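**Student:** build the 3D model from these lines:
(one chain, ligands or ions: 2)
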Amino acid sequence: MAILICGGAGYIGSHTNKLLADNGYETIIFDNLIYGHEEAVKWGIFRKGDLKNSDEIEELFQDYKIDAVLHFAAYAYVGESVKEPEKYYINNVSNTLNLLKTMRKHGCKKIIFSSTCATYGKPVNMPITENMKQMPINPYGTSKYMIERILDDYHRAYDLEYVVLRYFNAAGADFGGEVGESHDPETHVIPLLLDAASGKKDEFKIFGTDYQTPDGSCIRDYIHVVDLARAHLAALKYLEQGRKSDCFNLGNEVGISIFELIETTRKVTGKNFKVIYADKRVGDPAVLVASSAKAKATFNWKPKYSDIETIIKSAWQWHENKAY
Ligand SMILES: NC(=O)c1ccc[n+]([C@@H]2O[C@H](COP(=O)([O-])OP(=O)(O)OC[C@H]3O[C@@H](n4cnc5c(N)ncnc54)[C@H](O)[C@@H]3O)[C@@H](O)[C@H]2O)c1
Ligand SMILES: O=c1ccn([C@@H]2O[C@H](COP(=O)(O)OP(=O)(O)O[C@H]3O[C@H](CO)[C@@H](O)[C@H](O)[C@H]3O)[C@@H](O)[C@H]2O)c(=O)[nH]1
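**Tutor:** Numbers count the residues shown, from 1 in each chain. Ligands and ions are numbered 1, 2, ... in the order given. So this is what the prediction gives:
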């Protein structure tokens, strides 16, 4: 029995692949490498392919007995999704349907889906709990919300069992330095801060300094990628035990502002760098902080690497020695 990891050559998928392999799972990584890296597939079997091609998914299910699917493959740039919604609905929704259709055909009934706090939109109350209304404010968030709905319909009609994991901001890197974050283009705040600290970039731009927050910058909940991987392992065991299909937030339950990130980055790296006050980025809510109480109670999981200094330190180690 094997676990299929769609998008397993990407950032969060590669860390999860490592943990699953360490725990004795046979993994098959399916990725078109549009944003992933073949060098990141250090465990399991790699099959290059695209979810847009149903025949490639079909071959995969014919070649291997797949017990469960971890589905990370998607486009995930919020700003781009506003400009090119079609691209997002095709890849994130339509191509996911190709996967679900083939799973159904082959009787594969377990899936863990990478969703996001972006499905909540701009919630008024913090921390965000799973029962709050989901009102995404950009096509990326909507595409993920649509798959959440589709999974629930498949569950009711076809007995598909799912765990939806709504991540907050993934950050950090493998402590062994084997995998890490490497996106092109890079839009995520911590790698961009590290680019400024290392001199790869001349400056770091803060998107918005007049938010309704104590220091005026955006507040986010940064969760270590290894803690996300640990939650996937727990969710897989949960599905293997035949437990109820459900949705879970994954965050640290702590809000960190951009100014706090800048200060911690300077401390961890020992480097000073230029900071520019730039305009707000369209579609950025002021504050997003998780309640992960449900995941903690259900999975017997809690973040191990919650300290922001530890998170940035691991990202910095990767940044300075990265292999891809
Ligand atoms: N990074 C975050 O902070 C964050 C937060 C919330 C949710 N998510 C979600 O988690 C998932 C993983 O995020 P990530 O940061 O690791 O992204 P990533 O881009 O590093 O990984 C996604 C992988 O999917 C692959 N892929 C995309 N479309 C594909 C297709 N049609 N066929 C085959 N492979 C395809 C890419 O090549 C890439 O390797 C995404 O679904 C994202 O929406 C990420
Ligand atoms: O150069 C930069 C880049 C970002 N930010 C700010 O940093 C915060 C985090 O931004 P970023 O790292 O781009 O993450 P998000 O836009 O929050 O998106 C990530 O986190 C979401 C969950 O919050 C996921 O859904 C997305 O897939 C993932 O890319 C935001 O307030 C940005 O305004 C800056 O100030 N300057």
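**Student:** who's residue 30 bridged to?
**Tutor:** Note on residue 30: beta-bridge partners by DSSP bridges are residue 6, residue 47.
**Student:** got the contact list for residue 224?
**Tutor:** Contact analysis of residue 224 by CB atoms under 8 Å, 6 or more residues apart in numbering lists 171, 172, 252, 303, 304, 305, 306, 310, 311, 314. The way it works is simple: take the backbone N, C-alpha and C, and place the C-beta from them, glycine included.
**Student:** measure residue 105 to residue 158 for me?
**Tutor:** Remark: distance between residue 105 and residue 158 (CB to CB, to the nearest Å) = 11 Å.
**Student:** where along the stretch 201-324 of the chain do the strands fall?
**Tutor:** Ranges of strands in the stretch 201-324 of the chain, per DSSP state E, counting those that start in this stretch, are 203-207, 219-220, 222-224, 246-250, 256-257, 274-278.
**Student:** elements contacting the second one?
**Tutor:** By that I understand strand 219-220. Other helices and strands packing on strand 219-220, by 3 or more CB pairs under 8 Å, 6 or more residues apart in numbering; DSSP states H and E, are strand 256-257.
**Student:** rerun at 10 Å
**Tutor:** Strand 219-220 is packed against strand 256-257, helix 258-269, with contacts defined by 3 or more CB pairs under 10 Å, 6 or more residues apart in numbering; DSSP states H and E.
**Student:** check what pLDDT residue 283 gets.
**Tutor:** pLDDT for residue 283: 81.
**Student:** chain neighbours aside, what residue packs nearest to it?
**Tutor:** Once flanking residues are discounted, residue 283 sits nearest to residue 138: 4.7 Å by CB to CB, 6 or more residues apart in numbering.
**Student:** so what's that neighbour up against?
**Tutor:** Residues in contact with residue 138, defined by CB atoms under 10 Å, 6 or more residues apart in numbering, are 78, 79, 80, 81, 82, 85, 88, 118, 121, 282, 283, 284.
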